[in-house]
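Enquirer: quick one, structure for this:
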Amino acid sequence: MRKSGLYLVLCLVCIMLLASVSTSAHITRAIGDDEFLVIVGLVNEPPFTEERNGLDLAVRRVDTGDPVSNLEQTLFAEIIAPDGEAKRELDIRAVHGEPGFYTADVVLTEPGVYHIRVWGYVHTVSFDETFETSYVEQFATLRFPNE
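Expert: Residues are numbered from 1 along each chain as shown. Below you'll find the model as predicted:
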């Protein structure tokens, strides 16, 4: 396939995937010579502090858009606080009934932009990527009337 054809396929797959992901706050990256797409965001968008949230991770084949399942043993993730200092490894698990989707629970306690580092293997392709979340607001901004 010519390079322009590959980019067209990649664009079409990205559009299909973004339509299936519930929010535009997710970031998509191609890995492995554009063989796979890794899509990362938070489960609840927009995110707020002191609310149960979690990693929303999907892996797809670029050429077909098919999900890539059974990666929970070869994918790893850590979340990095807005200060850049505090880090915690996340316990990735497959999402039941959603092939190619993975998650991990977390409650974000500080407002700001978090980073999610995802690394490991998709079949024989190794990768290490860091993704930014959208800004996490304080939960108190939702209260009405203010006390």
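Enquirer: in which helix or strand does the one residue sitting closest to the centre of the chain reside?
Expert: Compute the mean C-alpha point of the chain, and by CA atoms, centre = their mean the closest residue is V40, 1.3 Å away. V40 is located in strand 36-42, with elements delineated by DSSP states H and E.
Enquirer: could I get the average pLDDT for that strand?
Expert: In this model, strand 36-42 has an average pLDDT of 98.
Enquirer: also stretch 105-115?
Expert: Per-residue pLDDT over stretch 105-115 has a mean of 98.
Enquirer: shaky segments in this protein?
Expert: Counting by pLDDT under 70, the chain shows low-confidence ranges at 1-24, 147.
Enquirer: and the helices in it?
Expert: All helices of the chain, identified by DSSP state H, fall at 3-20.
Enquirer: any chance you could map the strands in it?
Expert: 27-31, 36-42, 52-61, 75-80, 87-90, 93-94, 101-107, 115-122, 125-132 (DSSP state E).
Enquirer: spatially nearest residue to T130, not counting backbone neighbours?
Expert: Leaving aside its sequence neighbours, T130 sits nearest to R117 (CB to CB, 6 or more residues apart in numbering; 4.6 Å). Every residue, glycine included, has its C-beta placed from N, CA and C.
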